[in-house]
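Colleague: just the structure for this:
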Amino acid sequence: MNKKNLKTNFYIKYFVYFLIIIFFLVMAFIINEKIFFGFITKNNFIMLNTIKNNYENLGLIKMENDLEIISHMIEKEKINDSDYVNTLLEKISVYIKYNEIINYMIIGTNENKIITYPDWEVPASYDLRLRPWYKAFYTKEKNVVWSERYVNLVTFDNVASIVKVLFKDGEPWGVVAFELKLEKLFENIVDNFKNKNYKIYIADSDNKIILGSENNDLWLKYDRDEGSYSEGNKIITFVKMQENNWKMVLETDKNLYVNEIRIILIFFSLIIFTAFIIYSIIEFGFFSKISGSLDKIISKINYIENGNFGKKITVNKNDLKELKIINDKLEKIADKFSEKHDETIKDTLSGLYNRRFLKHKIKENIINNIKFSVLMMDIDDFKKINDNYGHLYGDMVLIEIGKIIRENLREYDYGCRYGGEEFLIIFEGDNSEEIKNISESIRMDTESKKWEKDIKITISGGLCIYSEEIYSDLITEADKLLYEAKKNGKNRIIIN
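Modeller: Below you'll find the model as predicted:
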């Protein structure tokens with residue numbers, strides 16, 4: 001190619017790139033925000049569901065489980081024995097005294113007897129049967145339920161209760177409840193969501209906004225479990241929370257997204273212009289050196305785009321000096337993306353994948369007809385560990401077992417925390433002997449580990465090796481095998 005052709009090509013390319021840049025810049029300023037309502041709504045639902053998943057980590061699920069445990073401690077025949085009540089309250093205090101969300105623990109009976117922790121002097125005229133937290137008694141509901149929102153008569157806080165009905169011989173005789181401070185609960189939800197460009201509210205079952213706004217007369221427009229609608233410059237998105245029929249509401253400014261999209265279009269214009277300049281320089285004499293460096297930059301960007309955030313590129317003395325600067329910047333970007341990515345798919349305590357990732361991976365394997373086997377594991381007598389040594393010690397056990405699992409897995413296996421003290425491992429393939437050995441190695445490493453406080457900790461597991469007959473029910477089968485391992489003495493892996 002002679003110099004004249006090079007020059008002609010240069011001007012042609014320059015003109016084409018110039019037209020593309022002008023197109024993107026014009027689009028950036030004539031863009032209509034209504035076009036992006038669907039995009040904004042989808043993004044808001046993702047954000048709300050992330051917040052809702054974090055909402056479980058605030059301890060609400062654990063509080064419901066603790067309430068269930070406490071309900072089994074309470075004996076109707078001894079409820080009028082002061083020594084028994086004092087001992088009972090001492091046990092209950094372990095569950096709630098460091099929990100800032102719980103206002104009171106309340107026990108109320110059908111004989112209008114009330115016991116509270118912390119202690120509260122009950123007025124003589126007080127009729128617990130009229131209180132919102134006692135209404136669950138009349139439903140005879142056997143699961144933990146939520147009360148409606150109400151005002152505490154002592155602290156005047158906005159509160160709601162999670163309630164468990166107490167039964168004797170199949171008949172209700174009272175309730176036990178945790179009264180929760182709604183402002184504190186909401187404060188914790190907001191603290192876990194640091195983005196100041198959005199506002200979070202809580203609406204009750206009547207769609208009235210009860211938390212997050214100083215305006216006491218705000219209502220959702222639509223009475224359904226989830227939805228999104230536009231109101232002026234705001235987009236309101238809401239989803240149903242837990243089992244109390246409340247809704248979590250996210251308010252966003254449409255202009256925020258429109259401006260971001262304009263910035264992206266301008267950014268793309270600048271990228272195209274920059275790419276043109278670089279390409280021109282390549283054609284005018286630095287092709288070999290620059291193209292090699294560009295290939296590495298593109299490889300790094302592809303790694304980031306494909307989720308391989310830890311993948312490195314090699315920078316040597318023959319590369320452009322600028323490549324090291326760009327690579328350092330891209331490494332920082334990759335680290336930030338990696339942190340955000342891990343937050344959505346990793347369990348923060350054990351370091352393993354979370355249940356959300358587990359569902360995605362299993363669905364992906366089934367769609368792609370990938371053979372896989374499943375190991376369901378459970379820490380033996382974990383409740384006793386928590387009761388005897390405290391929940392911080394229990395958390396330490398979960399962290400250490402997470403490490404043991406990671407150290408034993410192959411690079412193409414996935415360890416997940418399934419919930420509480422349960423773990424689930426997805427083994428790729430159906431090599432039963434190798435998978436059995438890995439499973440046993442995890443169990444033996446746990447048993448042989450020297451634990452703090454010199455106690456013995458063991459795990460039981462159910463291992464379901466791939467089979468076409470039960471391909472879509474591997475977890476169910478593994479769970480049955482885990483139950484069999486528990487029944488047969490614990491500290492063992494039962495294999496199908």
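
Colleague: going forward, measure contacts and count neighbours with C-alpha atoms only.
Modeller: OK.

Colleague: quick check, Lys247 in a helix?
Modeller: No: the assignment for Lys247 (DSSP: H, G, I helix; E, B strand; the rest coil) gives strand, which keeps it out of a helix.

Colleague: okay but it is in contact with Lys240, surely?
Modeller: Yes: distance between Lys247 and Lys240: 4.4 Å, which falls inside the contact criterion (CA atoms under 8 Å).

Colleague: higher neighbour count, those two?
Modeller: When neighbours are counted by other CA atoms under 10 Å, Lys247 and Lys240 differ, and Lys247 comes out ahead with 25 against 21.

Colleague: neighbours around Arg410, how many?
Modeller: 12.

Colleague: same check on Lys78?
Modeller: Should you count by other CA under 10 Å, Lys78 turns out to have 11 residues around it.

Colleague: now do the shared contacts for Lys247 and Lys240.
Modeller: Here Lys247 and Lys240 share the contacting residues Asp225, scored by CA atoms under 8 Å, 6 or more residues apart in numbering.

Colleague: domain ranges for this structure?
Modeller: Domain assignment for the chain, taken from automatic domain parsing, gives 74-183, 355-495.

Colleague: quick one: mean pLDDT for the last one?
Modeller: Spelled out, it's domain 355-495. Per-residue pLDDT values across domain 355-495 average out to 91.

Colleague: mind checking how far it is from the chain centre?
Modeller: 20 Å (CA atoms, centre = their mean, to the nearest Å).

Colleague: quickly find the element holding the spatially most central residue of the chain.
Modeller: Centroid-nearest residue in the chain, with CA atoms, centre = their mean: Asn53, separated by 4.0 Å. Using DSSP states H and E, Asn53 sits in helix 37-55.

Colleague: against which helices or strands is that helix packed?
Modeller: Based on contacts counted as 3 or more CA pairs under 8 Å, 6 or more residues apart in numbering; DSSP states H and E, the elements that helix 37-55 packs against are strand 234-241, strand 246-253.

Colleague: can you pull the buried residues of it?
Modeller: Going by neighbour count (16 or more other CA atoms under 10 Å), the buried part of helix 37-55 is 37, 40-41, 44-45, 48-49, 51-52, 55.

Colleague: can you name the element that comes right after it?
Modeller: Using DSSP H and E, the helix or strand that follows helix 37-55 towards the C-terminus is helix 61-73.

Colleague: got the CA positions of that next one in PDB?
Modeller: Taking Å, rounded to 0.1, in the frame of the first residue of the first chain, the C-alpha atoms of helix 61-73 are listed here in PDB:
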ATOM      1  CA  ILE A  61     -35.300 -15.400  59.700                       C
ATOM      2  CA  LYS A  62     -33.100 -16.300  62.700                       C
ATOM      3  CA  MET A  63     -35.500 -14.400  65.100                       C
ATOM      4  CA  GLU A  64     -38.400 -16.400  63.700                       C
ATOM      5  CA  ASN A  65     -36.400 -19.600  64.300                       C
ATOM      6  CA  ASP A  66     -35.500 -18.500  67.800                       C
ATOM      7  CA  LEU A  67     -39.100 -17.800  68.600                       C
ATOM      8  CA  GLU A  68     -40.000 -21.300  67.500                       C
ATOM      9  CA  ILE A  69     -37.300 -22.700  69.800                       C
ATOM     10  CA  ILE A  70     -38.500 -20.600  72.700                       C
ATOM     11  CA  SER A  71     -42.100 -21.700  72.200                       C
ATOM     12  CA  HIS A  72     -41.000 -25.300  72.900                       C
ATOM     13  CA  MET A  73     -39.400 -24.200  76.200                       C
END
